[in-house]
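[1] Build me a structure from this.
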Amino acid sequence: MRNPLKVLRRTVQVLALLAFLFLFWQTRWHGQGTGSPPPLFLRLGPLTALTAWLAPTPTWLPLFVPAAITLLVTVLLGRVFCGWICPLGTTIDLSDHLLWRKRSPRPELNRPTWKYYLLAAVLASAVFGAQLGWLLDPIPLLTRTLTVVAYPLAVAAYNLGVTVGHPVLQAVGLSAYPTDREPVFALNLLVLAVFVVILGLGALSRRYWCRSLCPLGALLALVGRFSFLGRKVDGCVSCKRCQGECKMGAIPAPGEPCEDYRRTVAAECVQCFDCLVCPQEGISGLGFSTRSGDVDEKTHLSKRRFVGALGLGLLYGATAATGAGRHATHSRLLRPPGAILRTPSGPRNMSESEFRSLCVRCGNCMKACVTGGLQPAVVEAGFDGLFTPILIPKLGPCEQNCTACGQVCPTGALGQFRVEEKKQIQIGLATIHTDKCLCWRKGDLYKLCLVCDEQCSYDAVKVIEYEGQKRPVVDADKCVGCGVCENKCPSKPEAAIVVYRRDTRV
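    As a prediction, this is how the structure comes out:
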């Protein structure tokens, strides 16, 4: 007989994953006056919210309401978010079922302590404004993987299918056209490798990542271990079936500190109902009850390792905060226009420290960028700025009428802004290299070009008469650093007009 609760849980998992994928696909610029859907799943993650809240940079507290709801549900029902909602958890379940279902159980891997030490390091570094959570936080991690790996592959496959299948489509009266651009992102192989490793850990034990390494799971475990919903065990014949079915190690195995098949490690239980397989019906189900001897609320952590993890997190945070871990700000480190803070005197650009403390490197802004100009930083921002978004005008300028990056950021690292405000948000300054510019050549080498003047949407490029010839110059007060001039400059192999960062604060 099929377990109806298990069927219900799987149905909710599939629906949540489909909703996550739909919202991800809709994360793009829909045209002026049309907003992109908010990053709901990214804001549901309490770890993302907590690291942003701990950061010294002021944030808009209503952004964290969904995360607060997740914590409240966890207090009442336990880690249902991990077992029912988390899209990465569902992806791992699917991978485990398809790739690793024939492996033998590995009870010795069921001690889920590493994630707590990782959580300690993440939160300790966040106090100094250094983001470590982005590396392991499951929802930003999955969003990042979809952005830089799956989305470009999907677009390339669509374009190929439309091109190859055009005669067939035309024969049946349908029309479809390739997209204008195929996005390509730096670090895509690294991101893919991390994702493959996470899925590959299923070869060791089911949901190994969720049980042993996920810091969000650790946070929810600490909150959910006092929940009112728990497994009820009326009798036990020690058949071990429930322990073998538990993919989270919530039913203690031989050799664990609380070995007893009748007990439940509340912090690790994700309410998946896989344990309801007792042949003697010794497990009557799950229900609301006060805490009893059948529940183990302890996490069995090593104090020495926990203190060591805190120390490492504080050391990393202090190193990043003091600038000791960063080189001088790269002259080409151009942040998206949403990297602003609103003050009584008006919006101002964030400093590097302020921006990095809030950015969780989810890649949403890169997915939404209409020109493909937003790319993950590789070396431009130092080791603590890896994968933060930067504008590379050579690949795509900042579209004048686009405000998508500020709409899709989950933490406020990129704030919402209006199109009318973009002329006051100066993300960089264009500089003309006269030794490369066609209009600044002399004699017979001179060529009238002025593409930068024609393309500039902000009237920041002026044409002057110099030595009897027309030459372009940049008005620094009007230039916002959108990069359209650099993108369109015909000078090869390098543009004659290049956008540089205006300030070098860290």
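
[2] And the pLDDT at the residue nearest the centre of the chain?
    Compute the mean C-alpha point of the chain, and by CA atoms, centre = their mean the closest residue is residue 362, 1.8 Å away. Per-residue confidence (pLDDT) for residue 362: 95.

[3] do the same with residue 58
    What the model reports for residue 58 is a pLDDT of 74.

[4] That one: what's it in contact with?
    Each residue near residue 58 by CB atoms under 8 Å, 6 or more residues apart in numbering is listed here: residue 341. Backbone N, C-alpha and C define where each C-beta goes, glycine included.

[5] Go ahead and confirm residue 78 touches residue 270.
    Yes - at 7.3 Å, residue 78 counts as touching residue 270 under the criterion of CB atoms under 8 Å.

[6] can I assume the residue nearest to the centre of the chain sits in a helix?
    No - Residue 362: not assigned to a helix; according to DSSP: H, G, I helix; E, B strand; the rest coil it is coil.

[7] Would you mind identifying the helix or strand in the chain with the lowest mean pLDDT?
    Here the helix or strand of the chain ranked lowest by mean pLDDT, DSSP states H and E is strand 283-288, holding a mean of 50.

[8] sorry, back to before: what sits closest to the residue nearest to the centre of the chain if chain neighbours are left out?
    Once flanking residues are discounted, residue 362 sits nearest to residue 140: 4.0 Å by CB to CB, 6 or more residues apart in numbering.

[9] count of neighbours near that neighbour?
    Using other CB atoms under 10 Å, residue 140 has 30 neighbouring residues.

[10] Show me what the helix or strand encompassing it is packed against.
    In the assignment (DSSP states H and E), residue 140 maps to helix 138-145. If contacts are counted by 3 or more CB pairs under 8 Å, 6 or more residues apart in numbering; DSSP states H and E, helix 138-145 sits against helix 40-44, helix 87-99, helix 188-200, helix 215-224.

[11] I'd like the mean pLDDT over the helix or strand following the shortest one, please.
    Tracing the chain C-terminally past helix 40-44 and defining elements by DSSP H and E, one meets helix 46-54 next. Rounded to a whole number, the mean pLDDT of helix 46-54 is 91.

[12] Helix 46-54 packs against which elements?
    Using 3+ CB pairs under 8 Å, 6+ apart, helix 46-54 is in contact with helix 65-77, helix 114-127, helix 215-224.

[13] next one: it to chain centre, how far?
    A distance of 13 Å separates the centroid of the chain from that of helix 46-54, by CA atoms, centre = their mean, to the nearest Å.

[14] Okay, angle between it and helix 65-77 too, please.
    Angle between the axes of helix 46-54 and helix 65-77 is 130 degrees (criterion: axes from the mean of the first three to the mean of the last three CA atoms, to 10 degrees).

[15] Tabulate the CA atom coordinates of helix 46-54 in PDB.
    Coordinates of each C-alpha in helix 46-54 appear next as PDB, following Å, rounded to 0.1, in the frame of the first residue of the first chain:
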ATOM      1  CA  PRO A  46      16.800  32.300   6.100                       C
ATOM      2  CA  LEU A  47      20.600  31.900   5.600                       C
ATOM      3  CA  THR A  48      20.600  34.400   2.800                       C
ATOM      4  CA  ALA A  49      18.500  36.800   4.900                       C
ATOM      5  CA  LEU A  50      20.600  36.300   8.000                       C
ATOM      6  CA  THR A  51      24.000  36.900   6.300                       C
ATOM      7  CA  ALA A  52      22.600  40.100   4.700                       C
ATOM      8  CA  TRP A  53      21.100  41.200   8.000                       C
ATOM      9  CA  LEU A  54      24.300  40.700   9.900                       C
END
